[in-house]
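Colleague: would you be able to build a 3D model of this:
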Amino acid sequence: MNQPASNPDSRRSRWSVKLRRGAAASKSAGQPEPANPPVAIVTEGIRLKAQAAVASYDLGEYSKMIQWLGNGGMGGLDRQTILSWVSELESQRKLAPATSLLESLIEHEKSNGTDPSNSYFQLARIYRLRADRDSFVESVLCCLESGNCPNVLTILASMKRPGLREPLLANIERLRCKVGEKNFDQERLLFAMGDIYRLNGDFANAAQCVGKVRDGRTTKGKKKLLNYEPLRPAFLIIGSTKSGTTGMYHTLCQHPNVFAALRKEIRYFGRPDASLDWYLAHFPRLPAKRGWVTGEATPNYYMHDVQQQVNRTLPGVKLICMLRNPADRAVSQYFHSLKLGSMRQPLEKFFDPDELAQLSKKSDAQLEEIAWACRSRNFKWNNCLVAGLYHYYLRRWFEVFGDQLLLVTMEDFRKNHNATVNRVLDFLELKRHGLPLTNQYSGNYRKSDPVVFEQVRQRLAEFYEPHNRRLADEFGVNF
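Modeller: Residues are numbered from 1 along each chain as shown. Sure, this is the predicted structure:
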């Protein structure tokens, strides 16, 4: 390898020696090696190539970086370093080298017998950002085939367009071949297959996949009670998104009389094509008269006009709606979408000041109409923004359910955990029981520009301020 040209830039000069050492290590690696090379020599060669890869990355010479990694340097770097590079490149919109980095990491993991499923998940995110549909779908399939990445079910659930869901169904036999393999998460695979059938409207096959998972489980030490019908939900957590619904649900499910559904979010109500058999397949088979209860938590139910459907399907059901300061909730939802790869706009553009100004000028009746239209296909407003106009949604829910609906804030759940959980248990008519907090997310986001972040946060706070006052006046909720 030729020596890099001299450059007055001090950074380039600082790394030139390491690049030359890496080149020497590469040349040495090309020579015939003894049958049992000394470990020290191999380790030193890998170390130098890794240093050369780091140098190339710092200099922005990404093609050279990939060469060093592919030539053995990957063995000298930990996985977290590679993923941090991917994150930095993604934030700079340099998606091609981010793709190459992940592909190199996957090859390294496969050659070492390491589970590459999480890396395939990250690769799928990048391909989604690049709008490369075919590569995105293939990466999702590889993630499902290769191992045990839990997040793949989240990204799978968002693949709703025909161009994404139909290729999944066409390749479902690839996944079926994995059923029964050792050292493989069978439940996650069956869940994924069920989701693929569901996305394509085949609820009969979807129910079979989900039912296999349920009937293969032992719930809280209770043996499989296959002679019983599924227990119908006694409670639903209906909202709101990014407001602690996961933490509340898993906390409640620690109660000895509360049995979890197969998944926290089932997303049944508001889907006219979904079958009741598919919905009930998510709940355990248990006798209904022993004080045992089950439920689910789909946090966008509160935005759907499904009050009558819920009342018909689950008469007497108790509803819990968790709310969060809407400015914090909106920002959290933005970063969650960014993490999944479904968000491409920068923060300040996504929460457009002009749109905030336009909405602020709307009348109460106009805003209520906008709020309930947010699930329509031709909705022109920012759905994430409108979701924080809580009082418009709660009015309809209280009209139907009255005292069957309990409001809880995420802020109270975090700061006064025991008192809040006891309040919920009293509402569900369950004996109070010390339940530790679980599945509580910290909400730490990668803020590329903290100043812009605070400006957007303040802009949102000002927009929601009159709506928060109305929420307090009508429903007694204060953040």
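Colleague: check contacts around the closest residue in space to residue 316 that isn't next to it in sequence.
Modeller: Spatial nearest neighbour of residue 316, chain neighbours left out: residue 404 (7.5 Å); criterion: Cβ to Cβ, 6 or more residues apart in numbering. Every residue, glycine included, has its C-beta placed from N, CA and C. For residue 404, the contact set (Cβ atoms under 8 Å, 6 or more residues apart in numbering) comprises 316, 317, 318, 319.
Colleague: any chance of the residues you listed in CSV, plus neighbour count, distance to residue 122 and pLDDT?
Modeller: Formatted as CSV, the contacts of residue 404 follow (neighbours: other Cβ atoms under 10 Å; distance: Cβ to Cβ, whole Å; pLDDT from 0 to 100):
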residue, neighbour count, distance to residue 122, pLDDT
316, 8, 45, 96
317, 18, 39, 98
318, 21, 39, 98
319, 24, 37, 98
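Colleague: of all those, which comes closest to residue 258?
Modeller: The closest of the contacts of residue 404 to residue 258 turns out to be residue 318 (Cβ to Cβ; 12.0 Å).
Colleague: so that closest one touches residue 238, yeah?
Modeller: No. Using Cβ atoms under 8 Å, residue 318 is not in contact with residue 238, being 10.5 Å away.
Colleague: leaving out the residues flanking it, which one is nearest to the spatially most central residue of the chain?
Modeller: Centroid-nearest residue in the chain: residue 154, 4.9 Å away (criterion: Cα atoms, centre = their mean). Closest residue to residue 154 apart from its sequence neighbours, by Cβ to Cβ, 6+ apart: residue 340 at 6.5 Å.
Colleague: list phi and psi for the one you found.
Modeller: Note on residue 340: backbone dihedrals following degrees, to the nearest 10 are phi -80, psi -10.
Colleague: and it, what does it touch?
Modeller: Applying Cβ under 8 Å, 6+ apart to residue 340 gives the contacts 125, 154, 155, 158.
Colleague: in strands, which of the residues you listed fall?
Modeller: Judged by DSSP state E, strands contain none of the contacts of residue 340.
Colleague: break the chain into its domains for me.
Modeller: 1-77, 235-475 (automatic domain parsing).
Colleague: least reliable of those by average pLDDT, please.
Modeller: With a mean of 69, domain 1-77 has the lowest mean pLDDT of the domains of the chain.
Colleague: quick one: the helices in the stretch 1-150 of the chain?
Modeller: 10-29, 39-58, 62-70, 79-91, 95-111, 117-129, 133-146 (DSSP state H, counting those that start in this stretch).
Colleague: and the ones you listed, which is most packed in?
Modeller: Most buried of the helices of the stretch 1-150 of the chain, by mean neighbour count (mean count of other Cβ atoms under 10 Å): helix 117-129, with a mean of 24.
Colleague: quick check: mean pLDDT of it?
Modeller: For helix 117-129, the per-residue pLDDT averages 94.
Colleague: please begin residue numbering at 605 from this point
Modeller: I'll keep to 605 as the first residue from here, and by that count the last item is helix 721-733.
Colleague: the closest residue to residue 908 other than its chain neighbours: how many residues sit nearby?
Modeller: Nearest residue to residue 908, sequence neighbours excluded (Cβ to Cβ, 6+ apart): residue 874, at 3.9 Å. Taking other Cβ atoms under 10 Å as the criterion, the count of residues near residue 874 is 16.
Colleague: contacting residues around residue 874?
Modeller: Counted by Cβ under 8 Å, 6+ apart, residue 874 has contacts 905, 908, 909, 910, 913, 979.
Colleague: got a winner among those residues for most neighbours?
Modeller: Ranking the contacts of residue 874 using other Cβ under 10 Å puts residue 905 first, with 26 neighbours.
Colleague: residue ranges for the strands of the chain, please.
Modeller: Shown for the chain, the strands assigned by DSSP E span residues 839-843, 862-864, 897-901, 922-927, 1009-1013.
Colleague: adding distance to residue 993 as columns, could you present these in TSV?
Modeller: Shown next, in TSV, are the strands of the chain (distance: least, Cβ to Cβ, whole Å):
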stretch	distance to residue 993
strand 839-843	12
strand 862-864	31
strand 897-901	21
strand 922-927	11
strand 1009-1013	15
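Colleague: deepest of these, which one?
Modeller: Most buried among the strands of the chain, counting by mean count of other Cβ under 10 Å: strand 839-843, with a mean of 26.
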